[in-house]
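With the input below, show me the fold.
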Amino acid sequence: MCQMMKRCIEIMKKRLSIAIVFIIIGSLIYLLFRNNIIIKNNVISLIIRNYIPDACWTISLYFTSINFTSKLTKKSLLINFIYVLTIALTYEILQYLKIVKGTFDRFDILVYLFSITISSIIERKLRREK
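Predicted structure coming up:
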C-alpha cells in the first residue's frame, strides 16, 4: 500500500509540474507576443499570439483539476474532460455575448478540444509509467 501511495504522489507532482510549466509558457507568450514585443504581425505570430496561450491554459487547467479527483476511473476522466471543456466553452460564449472582454473565435474551440485531448493522452501515459 505504501508503494502505491508513493506512486500516486509521484503522478500528482508530475501533473502539478505540467500545469505550472504550461501556465508559465502561456503567460509568457501572452505577455511577450500580445503587444508585438518580439515578433511583428505575420501568420506564425498570429498563431502563437492567439492560440498557443489558450492551449497552454487549457492543458494547465486539465492537469490541475484532475489532481482534485480522488479516484481516477474512465468515468472520472471523462467528467474531467467535460468539465474543462465546459469552462473553456463558457468563456468563449461569454466573449460572444460581450459579457467578458475578448473576441469570440471558433478556432479557439478547436484549440480547446485539441489541447484537452492531448492532455488526456498524456494523463494515460503518466499513469502507465513504471
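
the helices in the protein, which residues?
Counting by DSSP state H, the chain has helices at residues 2-33, 43-50, 52-66, 74-96, 106-128.

Can you say which of the ones you listed is packed in most?
Mean neighbour counts were compared across the helices of the chain using mean count of other CB atoms under 10 Å; the top stretch is helix 52-66, at a mean of 22. Any C-beta I mention is one placed from the backbone N, CA and C, and that applies to glycine too.

how much does that one deviate in direction from helix 74-96?
Interaxial angle of helix 52-66 relative to helix 74-96 (axes from the mean of the first three to the mean of the last three CA atoms, to 10 degrees): 140 degrees.

could you give the angle of helix 52-66 to helix 106-128?
Relative orientation of helix 52-66 versus helix 106-128 (the same axes, to 10 degrees): 40 degrees.

Kindly spell out which helices and strands sit in contact with helix 52-66.
Packed against helix 52-66, as judged by 3 or more CB pairs under 8 Å, 6 or more residues apart in numbering; DSSP states H and E, are the following elements: helix 2-33, helix 74-96, helix 106-128.
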